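Undergrad: quick one: sequence and predicted model below, then my questions.
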Amino acid sequence: MEKDIKRITVIGGGPGGYVAAIRASQLGAKVTLVEKERLGGTCLNVGCIPTKVLLHTSEIYSEYKSSQDIGLKISSVEVDWDKLQQRKTEVVNQLVNGVYGLLGSNNVELIEGSAEIIDKNKVKIVKKEGPSIILGSEGIIIASGSLPFIPSFGGINLDGVIDSTAALSLRKLPKKMVIIGGGVIGVEFATIFNSLGCEVTIIEMLPHILPPIDREIADMLHKNLIEEGIKIYNDAKVLSIEKTEKGLCANVMMSGKEFSVEGENILISIGRRANISELNLKAIGIECEKGCILVDDRMETSIKGIYAVGDCNGRNMLAHVASRQGEIAAENLMGIDSKMDYKVIPSCVYTKPELASVGLTEEQAVQKGIDYKVGRFPLTANGKSIIMNDFKGLIKIIADKKYGEILGVHILGPRATELITEGALAISLEATVDEIVNTIHAHPTVGEALKEAALDADNIAIHIPTK
């Protein structure tokens, strides 16, 4: 679009939408953001943030239960579920209120209501309060987010069958929970509830949990989850859900045999779908595929001047991806040529231990026919991990064999979700294993294991025996 665009309408106030609105305003646009519920979207309200509040408490509770291992005597510890729910709400409200403040300080007009696109220059807004209006725009950014995907098998509407949103606000801790889906959301909830004393079973239709993750790392996490007491059924299909005297049961088919798994609650966690049904996209000619809005690397849709960011375009349903896409859409609308680079997107799984990944997996390197080498460093040989009593992990680096360029970094261990940024930066800068090696890493830290993994790519790691 031309540089003289002044009026931009953003539909949706999640991490894609509010960031797009702020960035467009920084660049001189007059921005109106339309949000029908609360600012912050799924991430702040019913996703990333509230789940991590529960997870933080569950981690501390788990450590207290094994406190004698680290030289502490604690007579008793128990979970105050009501207080934890209160804290979750307080944290969410603090961050959501912060977004309201950010929009105000950047002169973004906020309208509470739902939006429908009339054409590339008009948006109809049905306000929560007051009359509907037609808003003229020289650019539109769709950031309408996603909703949990709910399957259609029998019993899905029974009381006690919940989605991830409901799982955050249960009235009490269940004694048994069945989780259908072994993706990121499923294994995170399994970690939370298992750590808090709930008996958890995961049912996954695919042969492995966390299918996009490097297989070696995901299999290690699978083993750790089982050691923590979580039951996992792979290659298993749920046929139906039934009510029982004790609660609910999922009827499962696995290896040609049927069996049932009981739980007070059954959590449906098999993915999310784009929330675009009310936007009038088909009528105005915006192309969609598999229920998501088609966009190019500039985040522009099939109609010039209309952009789509975040979960609604289905490219990568992560909050930090939505935020970056929001920046890119705003910059392109304001005349700055920006493109999305998907090769440096970190993926984080907040389990125990944490898992984080960026760049190519080993399976992808094989598929692409890349001549690669691998460096591995087990955290059983890392001092800080041993001190933290969290050493059942591995750092794995995949590098081009000829030049040593870093192609992928995969971490299973404490602080993995923080450490992965070094891997993302290395790939972004086309850094080599030598450059990681020559960067002095502080001791004692978990991060110094990254250097050891880089050394191991050439079989010269210092703190593990030579291969």
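TA: On my side now, so go ahead. Residues are numbered from 1 along each chain as shown.

Undergrad: and the helices in this structure?
TA: Applying DSSP state H to the chain gives helices spanning 17-26, 41-46, 48-65, 81-105, 164-167, 184-195, 215-227, 281-284, 319-333, 362-367, 383-387, 416-428, 433-437, 448-456.

Undergrad: out of these, deepest packed?
TA: Across these, the average number of neighbours (mean count of other C-beta atoms under 10 Å) peaks for helix 17-26, which reaches a mean of 27. Quick note: C-beta positions are derived from backbone N, CA and C, even for glycine.

Undergrad: does anything pack onto that helix? Which helices or strands?
TA: Helices and strands touching helix 17-26, by 3 or more C-beta pairs under 8 Å, 6 or more residues apart in numbering; DSSP states H and E, are strand 7-11, strand 30-35, helix 81-105, strand 139-142, helix 319-333.

Undergrad: can you check which of these gets nearest to residue 179?
TA: Comparing the helices and strands packed on helix 17-26 against residue 179 with C-beta to C-beta, the closest turns out to be helix 81-105 (18.6 Å).

Undergrad: got the domain ranges for the chain?
TA: Using automatic domain parsing, the domains assigned to the chain come out as 7-148+273-342, 161-270, 353-456.

Undergrad: how far does the second one sit from the chain's center?
TA: Spelled out, it's domain 161-270. 18 Å (C-alpha atoms, centre = their mean, to the nearest Å).

Undergrad: can you tell me which of the helices and strands packed on helix 17-26 is nearest to residue 410?
TA: helix 319-333 (17.7 Å).

Undergrad: just the C-alpha atoms of the closest one, please, in PDB.
TA: Listed next in PDB are the C-alpha coordinates belonging to helix 319-333 (Å, rounded to 0.1, in the frame of the first residue of the first chain):
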ATOM      1  CA  ALA A 319       1.700 -16.000  20.400                       C
ATOM      2  CA  HIS A 320       5.200 -14.800  19.600                       C
ATOM      3  CA  VAL A 321       4.600 -15.600  15.900                       C
ATOM      4  CA  ALA A 322       1.300 -13.600  16.000                       C
ATOM      5  CA  SER A 323       3.100 -10.600  17.400                       C
ATOM      6  CA  ARG A 324       5.900 -10.700  14.800                       C
ATOM      7  CA  GLN A 325       3.300 -11.100  12.000                       C
ATOM      8  CA  GLY A 326       1.400  -8.100  13.500                       C
ATOM      9  CA  GLU A 327       4.600  -6.000  13.300                       C
ATOM     10  CA  ILE A 328       5.100  -7.100   9.700                       C
ATOM     11  CA  ALA A 329       1.500  -6.400   8.600                       C
ATOM     12  CA  ALA A 330       1.600  -2.900  10.100                       C
ATOM     13  CA  GLU A 331       5.000  -2.100   8.500                       C
ATOM     14  CA  ASN A 332       3.800  -3.200   5.100                       C
ATOM     15  CA  LEU A 333       0.600  -1.100   5.400                       C
END
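
Undergrad: the longest strand anywhere in the chain - what's its average pLDDT?
TA: Looking across the chain with DSSP state E, the single longest strand is strand 109-119. Strand 109-119 shows a mean pLDDT of 96.

Undergrad: what are the buried residues along it?
TA: For strand 109-119, a neighbour-count test (16 or more other C-beta atoms under 10 Å) marks 110, 111, 112, 113, 114, 115, 116, 117 as buried.

Undergrad: what would the residues you listed look like in a markdown table with distance to residue 36?
TA: Listed next are the buried residues of strand 109-119 as a markdown table, based on distance: C-beta to C-beta, whole Å:
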| residue | distance to residue 36 |
| --- | --- |
| 110 | 12 |
| 111 | 10 |
| 112 | 7 |
| 113 | 6 |
| 114 | 4 |
| 115 | 8 |
| 116 | 11 |
| 117 | 14 |
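
Undergrad: let's have the domains of the chain in a markdown table, adding distance to residue 154.
TA: Converted to a markdown table, the domains of the chain look like this (distance: least, C-beta to C-beta, whole Å):
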| stretch | distance to residue 154 |
| --- | --- |
| domain 7-148+273-342 | 18 |
| domain 161-270 | 4 |
| domain 353-456 | 34 |
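
Undergrad: can you tell which of these is closest to residue 467?
TA: Closest to residue 467 of these is domain 353-456 (C-beta to C-beta; 8.2 Å).

Undergrad: what mean pLDDT does the closest one have?
TA: On average, domain 353-456 scores 97.

Undergrad: coming back round to it: and of the domains of the chain, who's closest to residue 464?
TA: domain 353-456 (5.3 Å).

Undergrad: how distant is the longest strand of the chain from the center of its chain?
TA: That offset, for strand 109-119, works out to 27 Å (C-alpha atoms, centre = their mean).

Undergrad: repeat that for stretch 280-289.
TA: 27 Å.

Undergrad: end to end on that stretch, go ahead and measure it.
TA: 15 Å (C-alpha to C-alpha, to the nearest Å).

Undergrad: and residue 5, what's its pLDDT?
TA: Confidence at residue 5, expressed as pLDDT, is 58.

Undergrad: want to throw the helices and strands packed on helix 17-26 into TSV with distance to residue 59?
TA: Putting the helices and strands packed on helix 17-26 into TSV (distance: least, C-beta to C-beta, whole Å) gives the following:
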stretch	distance to residue 59
strand 7-11	36
strand 30-35	32
helix 81-105	13
strand 139-142	37
helix 319-333	21
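
Undergrad: kindly list the main-chain dihedrals of the most centrally placed residue in the chain?
TA: The centre of the chain sits closest to residue 318, judged by C-alpha atoms, centre = their mean, with a distance of 4.7 Å. Backbone torsions for residue 318, taken as degrees, to the nearest 10, come to phi -130, psi 140.

Undergrad: does it touch residue 345 like I think?
TA: Yes - here residue 318 reaches residue 345: they are 6.9 Å apart, a contact under C-beta atoms under 8 Å.

Undergrad: contacting residues around stretch 258-270?
TA: 148-151, 156, 160-164, 167, 170, 174-181, 183, 185-186, 189, 201, 203, 233, 239, 241-242, 244, 246-252 (C-beta atoms under 8 Å, 6 or more residues apart in numbering).

Undergrad: got a quick PyMOL command for the buried subset of these?
TA: Buried subset of the contacts of stretch 258-270, written as a PyMOL selection, criterion 16+ other C-beta under 10 Å:
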select buried, resi 148+160+161+162+163+164+167+170+174+176+177+178+179+180+181+183+185+186+189+201+203+233+241+247+248+249+250+251+252
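
Undergrad: so of the contacts of stretch 258-270, which ones are in strands?
TA: Per DSSP E, those map to strands at 148, 161-162, 176-180, 201, 203, 233, 239, 241-242, 248-252.
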